[in-house]
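Asker: sequence? don't have it. structure:
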């Protein structure tokens, strides 16, 4: 069964304190791994898609990386506006076109 | 483009009442997804459509839930009768994988409270 696990559930950082969020996955053939950001009271907003191990994508203070078993979302020198819940999702060969989401990591950055 | 539109944004109802949630996908998108989000279970796929046809409804929790897509620009998710455990945020999303990217675009969600 396809599965996605994110850790930690919650992370508190000081402004400028870099860290990483983890997404571990077990799927029968990975077609893509997705990172989304969700602000309170809003729908998830797309950040990145990664397709193969070794691939990296960057956007401002965020960098996503992918291995055969997990993905990391690295946050460099975060700011308070980076506070949100970050969701990881996978698209597998068995899931048709559907995505399977992890439960997310809630990041709080204080100034 | 206005993005995915959902209505109502908030719904409070009594147990046993019928609830209808509405979604307008992004124009040109041929896939539409309904998700439910709770603290305990996270974001769960309920059902998805391709070209207005339901493809996978294995996530629909029980017969009280039904979804329709009468045309390319409108979909409904109905709960009848509603129960307190149905309280959650319901999201609609759309995409068009033909573009080569499976990115899904989410609406703002409907927060449902069943008393």
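Answerer: Now that the structure is in, tell me what you want to look at. Owing to the predicted nature of the structure, the values given are computational and were not obtained by experimental measurement.
Asker: going forward, measure contacts between C-alpha atoms and count neighbours the same way
Answerer: OK.
Asker: just the pLDDT at residue 86, thanks.
Answerer: Reading this off chain A. Note on residue A:86: pLDDT of 98.
Asker: wait, chain B
Answerer: The predicted local confidence for residue B:86 is 97.
Asker: shouldn't it be in contact with residue B:114?
Answerer: Yes: using CA atoms under 8 Å, residue B:86 makes contact with residue B:114 at a distance of 6.8 Å.
Asker: who touches stretch B:25-39?
Answerer: Applying CA atoms under 8 Å, 6 or more residues apart in numbering or on different chains, the contact partners of stretch B:25-39 are B:1-5, B:42-52, B:72-74, B:77, B:88-96.
Asker: show me these that map onto strands.
Answerer: Here DSSP state E is the test, and the contacts of stretch B:25-39 give B:5, B:42-50, B:74, B:77, B:88-95 as lying in strands.
Asker: part of a helix, is residue B:85?
Answerer: Yes: counting by DSSP: H, G, I helix; E, B strand; the rest coil, residue B:85 is part of a helix.
Asker: what number of residues lie near it?
Answerer: Residues lying near residue B:85 (other CA atoms under 10 Å in any protein chain shown) number 10.
Asker: next one: residue B:61
Answerer: Around residue B:61 there are 11 other residues, counting by other CA under 10 Å.
Asker: pLDDT score assigned to it?
Answerer: The predicted local confidence for residue B:61 is 87.
Asker: that one: what's it in contact with?
Answerer: residue B:46.
Asker: what do you get for residue A:4?
Answerer: Contacts for residue A:4 (CA under 8 Å, 6+ apart) come out as A:23-26, A:88-90, A:100-102.
Asker: kindly report the same for residue A:94.
Answerer: Per CA under 8 Å, 6+ apart, neighbours of residue A:94: A:28-29.
Asker: which SS class is it?
Answerer: Look at residue A:94: counting by three-state DSSP, its state is helix.
Asker: surely residue A:40 touches residue A:83?
Answerer: No: the pair residue A:40 and residue A:83 fails to qualify as a contact (CA under 8 Å) at a distance of 9.8 Å.
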